[in-house]
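**Student:** Predicted model follows, preceded by the sequence.
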Amino acid sequence: MQTRTRGQRSWHWLVMLLILAGCGAEQQTEPATEKEIADLILVNGKVLVVDPLFSIEEVLVVRDGRVLAVGDASITDQYSAAQVVDLGGKVLMPGFNDSHTHIEGNARRYIDLNKVGSIQNLQRLIQEKIDLLGEGEWITGYGWSEDELIEQRRPLRADLDAVAPNNPVVLTRAGGHSAVANSLALALAQIDESTPQPEGGVIEKDDDGALNGIIRERQEMIERLVPQATYDELIASLEVNLNRQLSLGITSLTDAMKTPEDYPMFEDLYANAELALPRAALQFQWHDPVAIKALKARVGDGSSMLKIGPIKVFADGGFTGPAAYTLEPYANQGSYRGYLNMPRADLVSLLNEVHDAGWQMGIHAIGDAAIVLVVDTLASALERNPRGDHRHYLNHFSMRPPEDTMVTMAAQGIHITQQPNFTYTLEGRYVENLDGWRLQHNNPLRSPMNQGITVALSSDILPIGPMVGLYAAVTRKGMSGEVYGADEAITMEEAIRGYTFLGAYLNREEKIKGSLEPGKWADMIVLSDDLLTIPHDQILSVQVEQTYLAGQLVFERTND
Ligand SMILES: [Zn+2]
């Protein structure tokens with residue numbers, strides 16, 4: 001019905017244009033009654049377009065899932081739509097693009113520990129799982145952090161044994177660089193006091209030489225024993241976990257660690273989902289180039305909903321292990337400088353190999369030594385084998401490297417996706433491992449941007465909601481309220497651009513999304529408060545009230 005109306009109107013308009021052209025009249029003499037038909041008009045808002053000028057408008061018009069027009073109140077007269085939404089002065093902005101996150105389906109045995117709060121609560125959750133699954137079943141979990149536990153210490157083997165003497169338990173710390181296991185899990189993995197330290201990791205012991213249950217970086221020594229979850233169990237949970245992103249205002253994301261074997265489940269889900277899902281790009285590790293090429297031959301780059309992202313390469317570890325590879329020793333840990341994730345020569349040849357294969361890379365580099373090595377390697381690869389608009393980027397870029405490394409990055413177009421929320425969430429890790437200038441300029445934002453480097457923002461699920469990242473980007477505050485390197489702060493406008501447009505840019509999708517300019521997908525959110533004017537100390541409580549994907553309302557906050 002709408003199509004016919006539109007067709008008639010177009011014909012009308014064409015005749016009128018011909019007449020007007022003959023008269024030499026101007027276009028705006030179009031009668032007010034000739035309204036263009038749209039699907040949705042949002043009026044009376046504060047619309048952050050996130051175009052190059054960071055324009056702020058009042059009205060946004062949607063047709064066929066895309067932004068048809070955006071402008072001041074006067075453009076309302078030019079359109080009509082079945083659905084008109086009064087924003088009541090609230091902010092409408094592009095949906096967030098979390099350019100480095102991890103979303104997966106979880107097994108029934110899995111416990112989400114992101115908001116566990118205390119070791120006591122963690123023990124209660126384990127007990128509930130045992131009651132659900134029965135004795136003998138493996139129990140897994142992810143997301144604890146000693147900084148957020150009221151006991152202000154890590155859960156240890158004895159804490160788990162106290163509640164789970166007959167179930168093997170392994171719980172991964174937030175960030176994924178260490179885990180704690182109970183006695184039964186360690187025994188099943190045949191790890192005891194006499195086990196030699198594994199390459200690239202640490203089996204921790206207490207002062208008496210007994211295992212405390214913590215394993216750094218090599219927790220797969222235990223996790224490999226956990227039985228695989230079923231397909232149905234995982235895909236149902238994946239759907240729920242992806243759908244939940246929309247409630248955080250995340251309309252696009254890059255999952256930073258998948259394998260080509262994961263793709264069919266995502267394809268299956270995106271073809272058959274009952275819940276709304278955000279747009280997703282999946283990064284694959286280069287451990288199996290043949291599988292990656294075969295996948296690409298089958299699906300191409302994917303679609304605007306689900307696509308293949310850049311290749312993932314790990315250069316070093318992180319500060320939760322801690323295993324970030326640094327130029328100078330860590331604070332108070334002798335000569336310890338962390339380490340590369342693989343022998344240096346292997347990393348160099350891997351980066352060259354992936355570059356030569358024509359792929360874009362998103363490379364995990366946290367310590368300044370890892371950043372310098374990766375940038376130098378990319379720069380020489382680009383000189384040897386130039387490629388325009390390669391868009392290689394460093395993920396994390398946590399420690400601020402020497403100035404000339406940033407100059408090289410700007411010159412070679414090597415970008416960054418960074419997690420400003422780390423400044424907040426990982427404060428305790430940084431204070432323990434870094435000092436002085438390094439601590440103050442950790443997770444730098446202003447300095448790389450001043451060098452002309454593109455800095456997109458993301459969460460790495462620590463935690464996943466964008467408000468923590470926006471808060472820390474503009475305040476540089478840790479969880480304690482302490483400010484770290486105020487000169488590395490950026491403005492809210494810059495932070496919003498980093499968390500929207502620049503994420504789309506990293507995935508080569510800036511022409512179809514990331515801002516609310518006409519022609520782009522109407523992926524957008526309505527906020528409870530104005531991020532541009534709200535006092536900084538209230539940013540953390542700003543909520544996403546509505547989320548639209550391609551002009552469809554896919555989430556609405558209810559007051560329960
Ligand atoms: Zn990550």
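**Tutor:** Done, it's in. Since the model is a prediction, treat every value here as computed from it, not as a measurement. Numbers count the residues shown, from 1 in each chain.
**Student:** make it CA atoms for all contacts and neighbour counts henceforth
**Tutor:** Fine.
**Student:** ranges for the helices of the stretch 151-300 of the chain?
**Tutor:** In order along the chain, the stretch 151-300 of the chain carries the following helices (DSSP state H, counting those that start in this stretch): 157-163, 183-188, 220-223, 231-247, 263-272, 289-299.
**Student:** right, and these - which one's nearest Gly200?
**Tutor:** Closest of these to Gly200 is helix 220-223, at 11.8 Å (criterion: CA to CA).
**Student:** In this model Ile41 seems to touch Val84, though I could be wrong.
**Tutor:** Yes - the criterion here is CA atoms under 8 Å, and Val84 meets it with Ile41 at 4.8 Å.
**Student:** more crowded one of the two?
**Tutor:** A direct count of neighbours by other CA atoms under 10 Å for Val84 and Ile41 places Ile41 higher, at 24 against 14.
**Student:** partners of whichever helix or strand that one is part of in the sheet?
**Tutor:** Assigned by DSSP states H and E, Ile41 belongs to strand 36-43. According to DSSP bridges, strand 36-43 forms sheet pairs with strand 59-63 (antiparallel), strand 79-86 (parallel).
**Student:** Mean confidence (pLDDT) on the longest one, please.
**Tutor:** Confidence over strand 79-86, taken as the mean pLDDT, stands at 97.
**Student:** got it, and the first one?
**Tutor:** For strand 59-63, mean pLDDT is 98.
**Student:** who touches that strand?
**Tutor:** Residues outside strand 59-63 that contact it (CA atoms under 8 Å, 6 or more residues apart in numbering): 38-45, 47, 67-73, 75-76, 79, 522, 551.
**Student:** what's the average pLDDT for the helix or strand just after that strand?
**Tutor:** With elements assigned by DSSP H and E, the helix or strand that comes after strand 59-63 is strand 66-71. Strand 66-71 carries an average pLDDT of 98.
**Student:** May I see the buried residues of strand 66-71?
**Tutor:** 66-71 (16 or more other CA atoms under 10 Å).
**Student:** right, and the pair among those residues with maximum separation?
**Tutor:** Farthest pair in the buried residues of strand 66-71, by CA to CA: Arg66 and Gly71, 14.9 Å.
**Student:** As JSON lines, the strands paired with strand 36-43 with distance to Leu277 would be great.
**Tutor:** Listed next are these as JSON lines, based on distance: least, CA to CA, whole Å:
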{"stretch": "strand 59-63", "distance to Leu277": "20"}
{"stretch": "strand 79-86", "distance to Leu277": "23"}
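**Student:** most packed of those?
**Tutor:** strand 59-63 (a mean of 25; mean count of other CA atoms under 10 Å).
**Student:** returning to that earlier point: let me have the helices of the stretch 151-300 of the chain in TSV, extended by mean pLDDT and mean neighbour count.
**Tutor:** As requested, the helices of the stretch 151-300 of the chain are exported to TSV (pLDDT from 0 to 100; neighbours: other CA atoms under 10 Å):
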stretch	mean pLDDT	mean neighbour count
helix 157-163	98	18
helix 183-188	98	19
helix 220-223	96	18
helix 231-247	96	18
helix 263-272	98	15
helix 289-299	95	14
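**Student:** Columns distance to Thr377 on top of the ones you listed, output as CSV?
**Tutor:** Converted to CSV, the helices of the stretch 151-300 of the chain look like this (distance: least, CA to CA, whole Å):
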stretch, distance to Thr377
helix 157-163, 41
helix 183-188, 39
helix 220-223, 29
helix 231-247, 35
helix 263-272, 30
helix 289-299, 20
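**Student:** nearest to Asp537, of these?
**Tutor:** The nearest among the helices of the stretch 151-300 of the chain, by CA to CA, is helix 231-247 at 22.0 Å.
**Student:** Buried residues, the strand holding Ile41. List them.
**Tutor:** In strand 36-43, residues buried by neighbour count (16+ other CA under 10 Å) are 37-43.
**Student:** rewinding a little: closest one of the buried residues of strand 66-71 to Ile126?
**Tutor:** Using CA to CA, these come closest to Ile126 at Arg66, 46.2 Å.
**Student:** Tell me where the stretch 451-560 of the chain has helices.
**Tutor:** Using DSSP H, counting those that start in this stretch, helices in the stretch 451-560 of the chain cover 466-475, 492-498, 501-506.
**Student:** helices or strands up against the last one?
**Tutor:** Using 3 or more CA pairs under 8 Å, 6 or more residues apart in numbering; DSSP states H and E as the contact criterion, the secondary-structure elements in contact with helix 501-506 are strand 96-101, strand 455-457.
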